[in-house]
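J.: What follows is a predicted structure for the sequence shown.
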Amino acid sequence: MIIDTYIKPHLAEYLNFKYRQGKHIVLPNYLLLVLLNSIRPTTNKTKLPEENNVAFIVVGKKCFKKNVSYVLSSNARCEFQKEVTWCFWIEAEAFIQEAHRNGESMSSAYYSFLESYHIETLSYDAVKKHFSREKSKKKSKK
């Protein structure tokens with residue numbers, strides 16, 4: 001079974017880099033559960049999105065009918081995108097902290113992350129802004 005959908009471009013690049021096998025993305029179980037809890041078969045009345053940038057393949061699931069397309073509702077797409085966004089920033093933070101511990105400056109660590117994960121649609125400034133927001137949130141909680 002293959003599920004096509006559209007998510008933010010930088011998240012699509014992240015998933016493509018991290019989980020691509022051949023033409024499709026094979027998701028780890030924790031993301032697969034989020035995805036499988038929210039799919040539904042398409043009908044003639046289902047309005048499909050114009051442009052999809054990610055294709056997921058689900059292997060070994062016998063509960064689905066053959067030759068039926070599956071789509072994510074807009075709410076399901078938002079939930080899945082939130083989960084992928086969370087994974088993306090957790091991994092980015094771990095990568096950047098490790099690079100910084102190894103003697104890289106923070107700014108070059110941001111660039112290294114984007115380069116290592118082949119993320120072209122997210123700018124250095126966006127990454128820097130995200131981490132400065134996170135830093136200020138942590139300070140305000142103390």
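T.: Received it, and whenever you're ready, just let me know what you need.
J.: tell me, how many neighbours does Glu98 end up with?
T.: If you count neighbours by other C-beta atoms under 10 Å, Glu98 ends up with 13. To be clear about C-beta, it is placed using only N, CA and C from the backbone, and glycine gets the same treatment.
J.: now do Phe95
T.: Phe95 has 16 nearby residues by other C-beta under 10 Å.
J.: Now do it against Lys137, distance only.
T.: In this structure, Phe95 and Lys137 are 20 Å apart, going by C-beta to C-beta, to the nearest Å.
J.: again with Tyr110
T.: Taking C-beta to C-beta, one finds Tyr110 at 18 Å from Lys137.
J.: How about Leu11?
T.: 21 Å.
J.: Repeat that for Glu120.
T.: From Glu120 across to Lys137, the span is 27 Å (C-beta to C-beta).
J.: Next one: Phe56 from Gly22, what distance?
T.: 12 Å.
J.: out of the two, which sits in the more crowded spot?
T.: Taking other C-beta under 10 Å, Phe56 and Gly22 do not tie; Phe56 has more neighbours (23 against 7).
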